[in-house]
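J.: Here is a sequence with its predicted model. Questions after.
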Amino acid sequence: MAKSNVFPLADRMLVEVIPDEVAKSGIIIPDDIKPKPKQATGKVIVVGPGRYDQQGNKVPLGDIQPGDIVLFDRASGIPVASVSTKEREVVLVREPDAYAVIRTK
């Protein structure tokens with residue numbers, strides 16, 4: 001994976017979406033007519049510095065680090081055209097829209 005030139009602000013993170021698997025029957029449904037799942041998983045590329053609370057104190061992102069796999073709300077992801085290609089989809093996701101971090105270790 002090439003190094004990104006996009007740096008998220010506040011509590012946002014740049015996530016490379018992990019594509020869904022092909023149907024067991026082998027039928028490939030075109031993307032424009034198949035329903036998008038409500039959740040998606042993706043690999044975190046870069047995380048923002050954190051947000052500021054009402055008192056002006058910086059609140060860093062929780063336990064999410066670059067390289068983590070996250071489960072997030074697909075509708076909340078903002079596509080990043082400058083990083084996405086035909087082979088991979090990259091989106092900006094806010095930390096509150098990430099439901100879980102999936103760790104295999």
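T.: In hand now; what should we look at?
J.: so R74 makes contact with Q39?
T.: Yes - with contact defined as CB atoms under 8 Å, R74 reaches Q39; the gap is 6.2 Å. In this view, the C-beta of every residue, glycine as well, is placed from N, C-alpha and C.
J.: List the beta-bridge partners for M13.
T.: V47, V93 (DSSP bridges).
J.: Would you mind listing the residues in contact with it?
T.: With contact taken as CB atoms under 8 Å, 6 or more residues apart in numbering, M13 is in contact with 44-48, 61, 64, 70, 92-95, 98.
J.: residues near A81, how many?
T.: 7 (other CB atoms under 10 Å).
J.: Assign a three-state SS to it, would you?
T.: coil (DSSP: H, G, I helix; E, B strand; the rest coil).
J.: Partner strands of the worst-scoring helix or strand of the chain on mean pLDDT and their direction?
T.: The weakest-scoring helix or strand in the chain, judged by mean pLDDT, DSSP states H and E, is strand 58-59 (a mean of 88). With DSSP bridges as the test, strand 58-59 is paired with strand 51-52 (antiparallel).
J.: Show me the shaky parts of the chain.
T.: The model of the chain has pLDDT under 70 over residues 1-4, 21-37, 105.
J.: Nearest residue to R88 in space, ignoring adjacent ones along the chain?
T.: E16 (5.8 Å; CB to CB, 6 or more residues apart in numbering).
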